[in-house]
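> Next come a sequence and a model predicted from it.
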Amino acid sequence: MSSFVDILLSFRSQKEFFRKKDERESFSLGKNKESIEFKTLSVQHGQIKSLGYIFENDSPEKQNITIKHILTMTSGFDYGVDPTLAPPVEGSVALHVLNSPVSREPGTSWVYDSQAPSILNRIIELQSNMSFLDYANSTLFHPLGIENPRWGTDDSGLAYGGFGLYLTSREMAKFGQLFLQEGVWEGEQLISKEWVQESTSGHIPDSVDFVYSVKPSGDYGYLWWIHDGFYIASGLHGQRIIVNPENDYV
């Protein structure tokens, strides 16, 4: 395994490395922290039993939405506009998503959506009886040696599902290294090897409809961008965590 001396940091627009003052918002990199590591940890730890259905006693379309659909950007929620161009949501982002219609059969269309993952944050809170950030700190941040990171919240106080997490370059690299090491950190299995493999495999159906202009150039996993031989967590302003298992580097 690579040591941090050997890690290649593949982040653009970063001039100072490994310094606390280097902390910056990771934007959509936050999806990978909360919607992969934390959601997956909740599955692994037993609070959430599967990636199955979310809704009960709702419209037939919503009853067909699963956690996996949200992780793979194929939920079918329709906000009436490309989510990447939508204005900020006032109030609860999770409720905004839950109250939005589902105009496409879940699993048949792909839309890059930074709002829907907030639903998963709320599920974790309900199942763990902890705030989302407390859960994230206890199961992932603290074991990685990341102390009390900042994470922006919506008006309801829930951490944003798709952005708002502030990390330094070193802290971002730790997440990549954790996945490179198949979920093991300092001898402890923080994430199962099976989950690392599943979440970084392509899950886009062959016949999926790409609704808007943003779409993967390769494939898409559980909020990871999947390419041949490597996978990427990608932020709005060029932040990147690139994990290349074949060549053993982050």
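Perfect, I can see it now. Numbering: from 1, shown residues only.

> Let me see the ranges of the strands in the protein.
For the chain, the strands defined by DSSP state E occupy 24-25, 109-110, 150-151, 165-167, 184-185, 188-189, 209-210, 219-220, 225-227, 230-234, 240-243.

> Need the distance between the two termini of stretch 211-228.
Stretch 211-228 has its terminal residues 24 Å apart, counting by Cα to Cα, to the nearest Å.

> what's the average pLDDT for it?
pLDDT averaged over stretch 211-228 equals 94, rounded to a whole number.

> Flag every buried residue along that stretch.
211, 216, 219-226 (16 or more other Cβ atoms under 10 Å). For the C-beta atoms, the positions are set from N, CA and C on the backbone; glycine is no exception.

> With distance to Asn247 added, can I get those residues in TSV?
Below are the buried residues of stretch 211-228 laid out as TSV (distance: Cβ to Cβ, whole Å):
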residue	distance to Asn247
Val211	34
Pro216	21
Asp219	19
Tyr220	22
Gly221	19
Tyr222	23
Leu223	23
Trp224	17
Trp225	18
Ile226	16
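
> Quick check: Ile70 touching Ala116?
Yes. Using Cβ atoms under 8 Å, Ile70 makes contact with Ala116 at a distance of 4.9 Å.

> Burial check on Lys193, number of neighbours?
12 (other Cβ atoms under 10 Å).

> Give me the pLDDT value at it.
For Lys193, the model assigns a pLDDT of 91.

> And it, how close does it get to Tyr231?
The gap separating Lys193 from Tyr231 is 15 Å, by Cβ to Cβ, to the nearest Å.

> cool, Ala86 as well?
27 Å.

> more neighbours, those two?
Tyr231 (25 against 14).

> Dig out what the more buried one forms beta bridges with.
Ile226, Val243 (DSSP bridges).

> Now do the contacts for it.
By Cβ atoms under 8 Å, 6 or more residues apart in numbering, the contact list for Tyr231 reads 200, 221, 224-225, 242-243.

> now for those, which pair is the farthest apart?
Maximum pairwise distance in the contacts of Tyr231, criterion Cβ to Cβ, is 13.9 Å, between Gly221 and Ile242.

> Helix or strand with the lowest mean pLDDT in this protein?
Within the chain, judged by mean pLDDT, DSSP states H and E, the helix or strand with the poorest mean is strand 24-25; its value is a mean of 48.

> Please tell me how far the closest residue to Gly152 other than its chain neighbours sits from Asn121.
Of all residues not flanking Gly152 in the chain, Gly164 sits nearest, at 3.1 Å (Cβ to Cβ, 6 or more residues apart in numbering). For Gly164, the distance to Asn121 (Cβ to Cβ) stands at 11 Å.

> more neighbours, those two?
For Gly164 versus Asn121, neighbours defined as other Cβ under 10 Å are more numerous around Asn121 (28 against 19).

> any low-confidence regions in this protein?
Within the chain, the stretches with pLDDT under 70 are 1-53, 55-58, 236-238.

> 80 instead, please
1-61, 235-238 (pLDDT under 80).

> so where do the helices sit in it?
In the chain, the segments counted as helices under DSSP state H are 29-31, 39-45, 60-63, 67-71, 93-98, 117-128, 132-136, 169-180, 193-199.

> and Leu158, how far is that from Val111?
Distance of Leu158 to Val111, computed by Cβ to Cβ: 21 Å.

> same deal with Gly80?
For Gly80, the distance to Val111 - Cβ to Cβ - is 12 Å.

> Which one's more surrounded, those two?
Higher neighbour count among Gly80 and Val111: Val111, with 22 against 8, using other Cβ under 10 Å.
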